[in-house]
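K.L.:
sequence? don't have it. structure:
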């Protein structure tokens, strides 16, 4: 079983930055960030594999950056130029094989951290 605990969410003005962290009991092959706004489906934001290759959704590319600290088993999501539409609950997730941004294929989930971006 993999335990995931997110932190770093909060309220910020449009154009601001936040860095989310996810402490993992261990890393799996693929680690990802997802988000879900009220009334909307959960959507993939970014993912990273054990070798360091990354994927990101088109709507966050060049604004968000996923990274990880293997020694500390911490996953990060650096978010810049935040927009009101980025407001959502952000989740950390882990899967054992292959890697993409399909939520249904992830095996373990954290409880999330809320991000609110004011206009």
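P.N.:
That came through fine. Being a predicted model, the structure only gives us computed values, none of them experimental.

K.L.:
how far away is residue 13 from residue 115?
P.N.:
12 Å (CB to CB, to the nearest Å). For every residue, glycine as well, the C-beta is placed using N, CA and C.

K.L.:
Specify which residue of those two has the higher count of neighbours.
P.N.:
residue 115 (22 against 10; other CB atoms under 10 Å).

K.L.:
Where does that one fall, secondary structure wise?
P.N.:
Using DSSP states H and E, residue 115 sits within strand 113-118.

K.L.:
which outside residues touch that strand?
P.N.:
Contacts with strand 113-118, where a contact means CB atoms under 8 Å, 6 or more residues apart in numbering, come from 6-14, 16, 18, 20, 35, 79, 82-90.

K.L.:
Show me which of those residues are buried.
P.N.:
By neighbour count, with 16 or more other CB atoms under 10 Å, the contacts of strand 113-118 hold 6, 8-9, 12, 18, 20, 35, 79, 82, 86-90 as buried.

K.L.:
I'd like the residues you listed as JSON lines, with secondary structure appended.
P.N.:
Below are the buried ones among the contacts of strand 113-118 laid out as JSON lines (DSSP: H, G, I helix; E, B strand; the rest coil):
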{"residue": "6", "secondary structure": "strand"}
{"residue": "8", "secondary structure": "coil"}
{"residue": "9", "secondary structure": "coil"}
{"residue": "12", "secondary structure": "strand"}
{"residue": "18", "secondary structure": "strand"}
{"residue": "20", "secondary structure": "strand"}
{"residue": "35", "secondary structure": "strand"}
{"residue": "79", "secondary structure": "strand"}
{"residue": "82", "secondary structure": "coil"}
{"residue": "86", "secondary structure": "helix"}
{"residue": "87", "secondary structure": "coil"}
{"residue": "88", "secondary structure": "strand"}
{"residue": "89", "secondary structure": "strand"}
{"residue": "90", "secondary structure": "strand"}
